[in-house]
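> This is the structure alone, sequence omitted:
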Ligand code: NAD
Ligand code: KPL
């Protein structure tokens with residue numbers, strides 16, 4: 001069965017190249033005819049791994065000409081997911097499986113509402129990739145991908161494809177817990193790196209600020225019935241700050257490069273959830289307000 005990968009950006013390309021390398025059928029869905037023409041002119045997708053680059057001449061199309069789609073990896077940013085899902089909706093086969101690779105929370109519900117009754121699988125990944133230019137992507141950091149449907153312990157048989165492609169992964173019925181935990185880590189680290197204009201490791205200079213955010217995130221997670229995601233959060237945040245000390249967070253990079261960030265699906269989502277559950281999170285709310293003011297001052301989208 002063909003893997004349709006929507007979004008030939010960093011993570012979509014990383015998945016598509018590894019699936020193709022394993023001899024599995026893959027087809028890219030690109031944004032429009034101009035991007036398709038540029039892709040075809042370049043002769044395929046290039047993956048750079050350990051300084052070796054290999055080009056994979058993977059088939060590609062636009063949403064309008066793709067299909068029928070049995071299996072779709074939606075690999076765009078959270079703020080593009082709903083529109084992207086809408087663009088492929090008429091081409092989804094009966095019983096199609098759709099894997100959502102977006103960071104944060106909120107976009108998954110928007111996609112589910114756009115594709116009612118469809119078989120949706122959630123994913124949370126700590127792999128790292130970035131685009132060098134056009135259709136050339138660098139595999140920058142080994143990581144792990146959790147996949148799952150809430151409360152469904154039965155992994156689909158096609159997980160074998162991921163094994164074959166060397167995509168390190170596991171199935172979990174607690175996928176929401178994984179997504180919440182990553183969201184909490186991102187809320188404790190990413191906005192501060194933007195506001196302090198620093199690498200992750202420099203957050204060791206603001207231990208009290210980090211600790212206060214972690215305390216509130218734990219309170220919020222417990223209020224949202226996410227006990228497991230709350231366990232040892234502060235220690236994990238400190239571990240990630242040290243393990244990724246030399247890196248700039250993804251939000252830092254988005255802001256530095258004048259790109260839209262996924263703040264609405266991270267800190268924005270957390271603040272909305274706190275309002276819904278009537279949890280007091282003054283430090284997170286103040287962080288959100290400062291971040292929004294910073295984005296506004298840079299002329300960047302606030303959502
Ligand atoms: P990206 O911006 O590199 O790639 C997204 C691609 O989707 C772009 O090429 C864009 O043109 C394309 N796209 C958007 N809408 C489309 C549409 N309607 N039709 C076709 N293509 C469309 O983003 P990314 O870094 O790969 O991130 C994807 C998601 O994965 C994000 O939520 C991100 O937070 C998460 N993530 C990324 C990494 C990473 O290392 N890059 C790691 C973990 C999680
Ligand atoms: O996921 C991250 C990101 O930069 O988005 C880390 C490195 C964990 C920091 O929150």
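That came in fine, so what should we check first? Every value quoted in this text rests on a predicted model; they were computed, and no experiment measured them. Ligands and ions are numbered 1, 2, ... in the order given.

> So what pairs up with residue 98 in the strands?
residue 72, residue 120 (DSSP bridges).

> who touches it in this structure?
By Cβ atoms under 8 Å, 6 or more residues apart in numbering, the contact set of residue 98 is 72, 74, 85, 92, 111, 115, 118-121. To be clear about C-beta, it is placed using only N, CA and C from the backbone, and glycine gets the same treatment.

> any weak-confidence spans in the stretch 101-250 of the chain?
Applying pLDDT under 70 to the stretch 101-250 of the chain flags no residue at all.

> still on that earlier bit, adding distance to ligand 1, write the contacts of residue 98 out as a markdown table.
Shown next, in a markdown table, are the contacts of residue 98 (distance: Cβ to the nearest ligand atom, whole Å):
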| residue | distance to ligand 1 |
| --- | --- |
| 72 | 11 |
| 74 | 9 |
| 85 | 9 |
| 92 | 14 |
| 111 | 12 |
| 115 | 14 |
| 118 | 17 |
| 119 | 20 |
| 120 | 15 |
| 121 | 15 |
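
> Is it possible to mark the buried ones in those?
Among the contacts of residue 98, those buried by neighbour count (16 or more other Cβ atoms under 10 Å) are 72, 74, 85, 92, 111, 115, 118, 120-121.

> who touches the helix or strand hosting residue 239?
For residue 239, the enclosing helix or strand under DSSP states H and E is helix 233-243. The contact list for helix 233-243, computed with Cβ under 8 Å, 6+ apart, reads 181, 184-185, 188-189, 200-201, 203-204, 210-211, 214-215, 217-218, 221.

> Can you name the two of those residues that sit furthest apart?
201 and 221 (24.9 Å; Cβ to Cβ).

> Show me which of the two is the more surrounded one.
residue 221 (24 against 15; other Cβ atoms under 10 Å).

> Not counting its neighbours along the chain, what's nearest the more buried one?
Of all residues not flanking residue 221 in the chain, residue 230 sits nearest, at 3.9 Å (Cβ to Cβ, 6 or more residues apart in numbering).

> can the buried ones among the contacts of residue 98 go into TSV with extra columns for distance to residue 177?
Output for those, formatted as TSV (distance: Cβ to Cβ, whole Å):
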residue	distance to residue 177
72	24
74	21
85	24
92	28
111	19
115	23
118	23
120	17
121	15
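
> which of the residues you listed lies closest to residue 259?
Residue 259 has its nearest neighbour among those in residue 74, at 19.0 Å by Cβ to Cβ.

> my read: that closest one touches residue 81, true?
Yes. Using Cβ atoms under 8 Å, residue 74 is in contact with residue 81, at 6.0 Å.

> Mind listing the shared neighbours of these two?
Common neighbours of residue 74 and residue 81, using Cβ under 8 Å, 6+ apart, are 100, 102, 111.

> need the contact list for the residue in the stretch 51-200 of the chain that ligand 1 sits nearest to.
Of all residues in the stretch 51-200 of the chain, the one sitting closest to ligand 1 is residue 103 (3.1 Å; Cβ to the nearest ligand atom). Counting by Cβ under 8 Å, 6+ apart, residue 103 makes contact with 78, 124-125, 182-183, 186, 250, 262, 265-266.

> ok, and which of those reach ligand 1?
Contacts with ligand 1 within the contacts of residue 103, counted by Cβ under 6 Å from any ligand atom: 78, 125, 262.

> Can you give me the neighbour number for the last one?
If I follow you right, that is residue 262. 24.

> Same check on the one 4 residues further on?
The local packing of residue 266 (other Cβ under 10 Å) involves 27 other residues.

> That one is in contact with residue 183, isn't it?
Yes. Contact status for residue 266 versus residue 183: in contact at 5.8 Å, counting by Cβ under 8 Å.

> Mutual contacts of those two, please.
Joint contacts of residue 266 and residue 183 (Cβ under 8 Å, 6+ apart) are 103-104.

> what domains does the record give for this protein?
Annotated domains of the chain cover 3-172, 177-297 [automatic domain parsing].

> got the contact list for the residue nearest to residue 221?
Residues in contact with residue 230 (Cβ under 8 Å, 6+ apart) are 184, 217-218, 221-222.

> of these, buried ones?
184, 217-218, 221.

> Strands of this structure, residue ranges please.
Assigned by DSSP state E, the strands in the chain fall at 3-6, 26-30, 45-49, 52-56, 59-62, 69-74, 92-100, 119-125, 128-133, 136-141, 145-148, 169-171.

> neighbours of the nearest residue to residue 283 once chain neighbours are set aside, just the number please.
The shortest distance from residue 283 to any non-neighbouring residue, by Cβ to Cβ, 6+ apart, is to residue 212 (4.5 Å). For residue 212, the neighbour count with other Cβ under 10 Å is 18.
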